[in-house]
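**Student:** This is a predicted model, with the sequence first.
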Amino acid sequence: MAHINDSLCYEILLLDHSAEMTNFSLTIMDSSVNITKEQSYFKTFNSQDYIKIIAYVIVIVGGLLGNISVILTVALNRSMRTTINYYVANLAVADALICMICMGAHLLMTLTRPVYALGGFMCKFNPFMQMTCLTSSVLTLSAISCDRFMAIMFPLHVRITKQRTSIVMQVVWILSIIVSIPFLLVKKHEVYEFQDFVQPVCTERWPMDSYYDEKAGHCDSVEKYRSTYYLMVSITLYFLPIFIMITAYSLILWKLWISEVPGERHAANINVQYRARKKVIKMVLVVLIAFILCWTPMQSVILSSAFGAANTINSYWYEDFTFFSYYIAYANSFMNPIIYGGFNKTFREGFCIVLRCGFRRERFGRPRLDGSSRVLTNSLTNTSPFLKSIRTRSRMTFTTGVTSSPSRYASRTINGANKTASQKSNNIEMKPFQPHKDVEVAPSLKDTCVSILDEKELL
């Protein structure tokens, strides 16, 4: 097997196939050539095409509404601006871009295949944005699992700051852009002009390594970088994230299962603990199963296009499978706001605040009470000495951190015998601990995203 230059190998190929080339004329032009022949880019739609259109419209509209709701919930609600919610908002940005740019372009390419009707700019820009957004979405999912892993496994040793979260998100987008840059270089928009029709296509032109096979008696060409690139993409988008997520969530479940919250051995708390852990297990399974189901078909397409046989890639069933694999991968952008937002109680409340459902709130604060409720509340707090006593003890607990004996303060305050003692207690100027505004205090097991006592869901 002797290596020769590309030009000589190309001449040999022309001589070998000169007989076949006499049946038609083929002219390859760049994207600047104007197509003068009248033709319709859209083929005649059948029932299968209409099903594809409806399926894509549902995912696009639902994905945009869900992801924009997540972004607005985090942006407009100050109480939602935590490190984990910043990751979820970053995920929503990537998924919203997928719904706006990638899904519509892929549907149009499917309906006009084999003709590429989007032009030279979209031939480069669409795959670049597609790879950038998909990589950012997947890496953000991995970052969420790592963030929860560090918060739960090392609650006292890891400082989770918004600045660190911002750096991680910037690194995610930079890596996503770097991974996608090759598409700007290898994607080419070409126009094939036959005797009776013109066909614009968007193809890939990787550097070729040409050689002459002496045994076979003809030239062969190998795209030496294409297989390496797609293998790297599969590792980045699939195998590495699955390994990170399975490892992180498995250790989180193990930590929660062996850990005990004070008082959870009491009979009254056993059922609460069991229900909370059951919710966590369901949440983790939903995250992992959704990711694996949505991304496995697409990875099989990527690997088969890089290493598979040509007869398999050009078959009709493979074209339908490719459409399904891309559709289900894009559908993950529709599922993410449901998984990370809809299943979480805090996000559900945030959705209601943004949409003003149920009640009105001022600047996302407390619910506004109507007139009757305010009168009833004022009458109770102003006339009941017992409630005054409870309010006094609540202030004592907040300012000093020590809860006084109920019998000591309640009885004396009701009888009016020791009002000066409570007044002196209220004059103690002790402020509660306030962490730095940029630091999210590492939670203990009780205060993490999974609270056994509060039954909060895992993000």
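**Tutor:** Sure thing, it's come through. Numbering: from 1, shown residues only.
**Student:** Val93 - how many residues pack around it?
**Tutor:** 19 (other Cβ atoms under 10 Å). C-betas here are computed from N, CA, C, even on glycine.
**Student:** and what of Ile242?
**Tutor:** By other Cβ under 10 Å, the burial measure for Ile242, its neighbour count, is 18.
**Student:** Whatever helix or strand it lives in - contacts with which helices or strands?
**Tutor:** Secondary-structure assignment from DSSP states H and E places Ile242 in helix 240-258. In terms of contact count using 3 or more Cβ pairs under 8 Å, 6 or more residues apart in numbering; DSSP states H and E, helix 240-258 is assigned the packing partners helix 119-153, helix 267-307.
**Student:** Could I get the ones you listed in JSON lines, plus columns for mean pLDDT and mean neighbour count?
**Tutor:** As requested, the helices and strands packed on helix 240-258 are arranged in JSON lines below (pLDDT from 0 to 100; neighbours: other Cβ atoms under 10 Å):
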{"stretch": "helix 119-153", "mean pLDDT": "87", "mean neighbour count": "21"}
{"stretch": "helix 267-307", "mean pLDDT": "76", "mean neighbour count": "16"}
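**Student:** hang on, the earlier thing: now do the buried residues in the helix holding Ile242.
**Tutor:** Within helix 240-258, the residues that qualify as buried are 241-242, 244-245, 248-249, 252-253, 255-256, counting by 16 or more other Cβ atoms under 10 Å.
**Student:** sec struct for His189, please.
**Tutor:** Secondary structure, DSSP: H, G, I helix; E, B strand; the rest coil: His189 is strand.
**Student:** how many other residues sit next to it?
**Tutor:** Other residues within reach of His189 by the criterion other Cβ under 10 Å amount to 20.
**Student:** thought it was touching Pro200?
**Tutor:** Yes: counting by Cβ atoms under 8 Å, His189 touches Pro200, with 6.8 Å between them.
**Student:** Flag whichever of the buried residues of helix 240-258 scores worst on pLDDT.
**Tutor:** Summarising pLDDT for the buried residues of helix 240-258: the lowest-scoring member is Leu256, with 76.
**Student:** Surely that residue touches Met153?
**Tutor:** No: using Cβ under 8 Å, Leu256 is not in contact with Met153; the gap is 10.4 Å.
**Student:** give the contact list for Cys123.
**Tutor:** With contacts defined as Cβ atoms under 8 Å, 6 or more residues apart in numbering, the neighbours of Cys123 are 31, 116, 187-189, 202.
**Student:** Over to Arg164?
**Tutor:** For Arg164, the contacting residues are Thr83, taking Cβ under 8 Å, 6+ apart as the criterion.
**Student:** For Gln104, which non-adjacent residue is spatially closest?
**Tutor:** To be clear, residue 104 is Gly; Gln isn't right here. Counting by Cβ to Cβ, 6 or more residues apart in numbering, Ile60 is the residue found nearest to Gly104 once chain neighbours are left out, at 6.7 Å.
**Student:** for the one you found, helix, strand, or coil?
**Tutor:** Three-state assignment for Ile60 (three-state DSSP): helix.
**Student:** Pretty sure it sits against Ile101.
**Tutor:** No: checked against Cβ under 8 Å, the pair Ile60 and Ile101 is beyond contact range at 10.5 Å.
**Student:** For Val186, give me the pLDDT.
**Tutor:** 88.
**Student:** any idea how far Gln299 is from it?
**Tutor:** Plainly put, Val186 is 20 Å away from Gln299 if you go by Cβ to Cβ, to the nearest Å.
**Student:** can you check Gly63 too?
**Tutor:** As judged by Cβ to Cβ, Gly63 and Gln299 stand 21 Å apart.
**Student:** Low-confidence ranges, the stretch 251-400 of the chain, go.
**Tutor:** Residue ranges of the stretch 251-400 of the chain with pLDDT under 70: 259-274, 276-278, 280, 308-315, 342, 355-400.
**Student:** Can you report how many residues lie near the residue nearest to Leu107 when sequence neighbours are not counted?
**Tutor:** Across the structure, with Cβ to Cβ, 6+ apart as the measure, the residue nearest Leu107 apart from its sequence neighbours is Tyr56 (4.6 Å). For Tyr56, the count of nearby residues is 21 (other Cβ under 10 Å).
**Student:** and Tyr56, what is it in contact with?
**Tutor:** Contact analysis of Tyr56 by Cβ under 8 Å, 6+ apart lists 103-104, 107, 327.
**Student:** Among the residues you listed, which pair sits farthest apart?
**Tutor:** Based on Cβ to Cβ, the longest span within those runs between Gly104 and Tyr327 and measures 12.5 Å.
**Student:** Between those two, which has more neighbouring residues?
**Tutor:** Remark: of Gly104 and Tyr327, Tyr327 carries more neighbours, 20 against 14, as counted by other Cβ under 10 Å.
**Student:** would the more buried one count as being in a helix?
**Tutor:** Yes: residue state for Tyr327 (three-state DSSP) corresponds to a helix.
**Student:** For the buried residues of helix 240-258, give me TSV that also has distance to Asn90.
**Tutor:** Listed next are these as TSV, based on distance: Cβ to Cβ, whole Å:
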residue	distance to Asn90
Pro241	15
Ile242	20
Ile244	17
Met245	16
Ala248	18
Tyr249	19
Ile252	21
Leu253	25
Lys255	25
Leu256	26
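**Student:** out of those, which one sits closest to Pro182?
**Tutor:** Within the set of those, Pro241 lies nearest Pro182; the separation is 20.1 Å, counting by Cβ to Cβ.
**Student:** contacting residues around the nearest residue to that closest one once chain neighbours are set aside?
**Tutor:** Among residues not flanking Pro241 along the chain, Ser142 sits closest, at 4.7 Å (Cβ to Cβ, 6+ apart). When the contact criterion is Cβ under 8 Å, 6+ apart, the partners of Ser142 are 240-241, 244-245.
**Student:** Name the residues that touch stretch 128-137?
**Tutor:** Stretch 128-137 is touched from outside by 90-91, 94-95, 97-98, 101-102, 105-106, 172-173, 175-177, 179-181, 183-184, 187, 233, 236-237, 329, 332-333, 336, with contacts defined as Cβ under 8 Å, 6+ apart.
**Student:** List only buried entries from these.
**Tutor:** A residue is treated as buried here by neighbour count (16+ other Cβ under 10 Å); on that basis the buried members of the contacts of stretch 128-137 are 90-91, 94-95, 97-98, 101-102, 105-106, 172-173, 176, 179-180, 183, 187, 233, 236-237, 329, 332-333, 336.
**Student:** Can you pick out the ones from those that are in helices?
**Tutor:** Among these, the residues falling in helices (DSSP state H) are 90-91, 94-95, 97, 105-106, 172-173, 176, 179-180, 183, 233, 329, 332-333, 336.
**Student:** tell me the contacts of Leu184?
**Tutor:** Leu184 sits next to 124, 128 when contact means Cβ under 8 Å, 6+ apart.
**Student:** That one and Ile258, how far apart?
**Tutor:** Here the distance between Leu184 and Ile258 works out to 50 Å (Cβ to Cβ).
**Student:** What of Thr296?
**Tutor:** From Thr296 over to Ile258 the distance is 32 Å, taken as Cβ to Cβ.
**Student:** Contacts only, for Leu139.
**Tutor:** For Leu139, the contacting residues are 172, 175-176, 236, 241, by Cβ under 8 Å, 6+ apart.
**Student:** And it, how close does it get to Phe334?
**Tutor:** When Cβ to Cβ is the yardstick, Leu139 and Phe334 sit 19 Å from each other.
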